[in-house]
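Undergrad: what shape does this take:
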Amino acid sequence: MPTYNFSAGPAVMPAAVVQQIQAELPSFQGSGMSIMEISHRSDLFDQVINDAERDLRDLMQIPDNYRVLFFQGGGTLQFTAAPLNLATGHHHIGLLNSGHWAERAAAEARRVGTQVDILGTSAANHFTALPTLDQPVTADLDYVHVTTNNTIEGTLLTQLPATGNVPLVADMSSNFLGHQYNVTDFGMIFAGAQKNLGPAGLTIVIVRDDLIGHAQDLPSMLDYQLFADKRSMFNTPPVFAIYAAGLVLKWLKAQGGLAAMATRNREKAALLYDFLDQSTLFTNPVKPSDRSTMNVPFVTGNAATDAQVIAGAADRGLLNLKGHRLVGGMRASLYNAMPKAGVQALVDYLAAFEAHHA
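TA: Numbering: from 1, shown residues only. As a prediction, this is how the structure comes out:
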């Protein structure tokens with residue numbers, strides 16, 4: 001029986017990539033050393049990190065005036081690093097509050113003395129729809145923060161807010177490389193790798209040249225300019241995570257790139273949403289126009305029944321469907337590496353469960 005991992009992260013990786021890692025793990029490129037043993041100062045690793053940056057630039061069409069940085073600390077560390085590096089003019093940012101991770105970003109920015117204006121929020125409807133700008137974006141804002149995909153709440157930002165000359169900073173952690181955006185619409189993009197790019201331990205930062213280098217006396221491990229100058233190797237980078245991410249990037253190219261992946265993700269999500277919309281047992285609470293293609297929360301309305309669904313799914317190899325503790329219910333994460341067959345298997349199981357419990 002095949003198994004399908006619907007975890008929100010760390011998440012499913014392409015089977016071909018996992019198999020390649022397994023094959024190469026004892027001796028990377030015939031060196032006699034594992035990728036986990038090679039020096040980050042070696043020619044071998046130079047090729048790994050350079051290839052990863054080049055492939056990412058190709059896939060996302062990243063212009064030359066944007067730096068690609070490889071960080072540790074997850075997307076959460078960037079909630080602190082972004083205001084320290086970019087909010088240097090007015091120490092004042094705007095934020096669209098679309099859920100838990102946006103609220104966490106606001107809290108961390110305030111911890112380092114940055115004023116945060118909530119420009120719009122959808123808290124009143126429990127974040128089942130995306131917020132819109134309730135107040136103008138003014139020139140005294142250093143940037144505006146958005147979360148492009150809300151992993152817990154299951155919403156996806158497709159129409160970016162109009163911020164004029166104020167840079168847009170995007171937390172893309174849960175739909176990075178799964179949905180197409182124009183990099184030049186943003187001053188900065190950051191994303192933890194553990195959803196669509198690779199194992200936990202790596203965070204990508206894509207930042208426009210003119211926005212960095214203005215902060216003074218930053219901790220070295222948070223300094224974008226220093227990481228740009230040192231090619232992300234101020235200290236030992238997450239060698240294995242960068243290697244694995246590089247393999248995923250090559251896999252994405254072989255799949256047809258981001259346009260093909262985004263189309264595939266819409267098809268997978270539609271398969272599940274179509275079932276939920278006609279179901280008499282299961283419901284998805286999200287406004288249809290704001291639904292995520294990556295994370296699909298759903299409920300029966302009864303916690304005991306939800307638990308039965310989750311247990312029965314696990315018995316059939318449909319793993320990690322338990323919803324986030326803040327919202328309960330179920331959640332199916334349909335990241336790039338989740339095959340359509342996995343979504344079909346989930347729909348078939350849910351339909352059979354509903355028929356049995358009618």
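
Undergrad: which SSE is Ala241 in?
TA: helix 239-254 (DSSP states H and E).

Undergrad: what about that helix, average pLDDT?
TA: For helix 239-254, the mean per-residue pLDDT is 98.

Undergrad: try stretch 287-297
TA: For stretch 287-297, the mean per-residue pLDDT is 98.

Undergrad: quote the end-to-end distance of that stretch.
TA: By CA to CA, to the nearest Å, the extent of stretch 287-297 from end to end equals 12 Å.

Undergrad: what's the answer for stretch 154-167, then?
TA: Stretch 154-167 end-to-end distance (CA to CA) = 25 Å.

Undergrad: kindly report the same for stretch 332-340.
TA: End-to-end distance of stretch 332-340: 13 Å, with CA to CA as the criterion.

Undergrad: give me the contacts around that stretch.
TA: Under the contact criterion CB atoms under 8 Å, 6 or more residues apart in numbering, stretch 332-340 has outside partners 4-9, 11-15, 17, 151, 177-178, 195-196, 248, 252, 261, 264-265, 267-269, 271-272, 293-296, 298, 320-321, 343, 346. (C-beta placed from N, C-alpha, C; glycine too.)

Undergrad: got the buried residues for that stretch?
TA: For stretch 332-340, the buried set under the neighbour-count rule, 16 or more other CB atoms under 10 Å, comprises Ala332, Ser333, Leu334, Tyr335, Asn336, Ala337, Met338, Pro339.

Undergrad: what helix or strand is the fourth one located in?
TA: Same thing as Tyr335. Taking DSSP H and E as the definition, one finds Tyr335 inside no helix or strand.

Undergrad: just the pLDDT for Ala358.
TA: Looking at Ala358, its pLDDT stands at 69.

Undergrad: mind listing what's buried along the helix ranked longest in the chain?
TA: Ranked by residue count and defined by DSSP state H, the top helix of the chain is helix 257-278. Within helix 257-278, the residues scored as buried using 16+ other CB under 10 Å are Gly257, Leu258, Met261, Ala262, Arg264, Asn265, Lys268, Ala269, Leu272, Tyr273, Phe275, Leu276.

Undergrad: ok, stretch 241-259 next?
TA: For stretch 241-259, the neighbour count (16+ other CB under 10 Å) marks 241-252, 257-258 as buried.

Undergrad: could you list the domains of this structure?
TA: Here the domain parsing of the chain from automatic domain parsing is 16-254, 257-356.

Undergrad: quick one: terminal-to-terminal distance for the first one?
TA: Okay, so that is domain 16-254. One end of domain 16-254 sits 11 Å from the other (CA to CA).

Undergrad: circling back: and the buried residues of stretch 332-340 as CSV, adding distance to Glu108 and pLDDT?
TA: As requested, these are exported to CSV (distance: CB to CB, whole Å; pLDDT from 0 to 100):
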residue, distance to Glu108, pLDDT
Ala332, 29, 98
Ser333, 24, 98
Leu334, 28, 98
Tyr335, 25, 97
Asn336, 28, 97
Ala337, 29, 97
Met338, 30, 97
Pro339, 36, 97
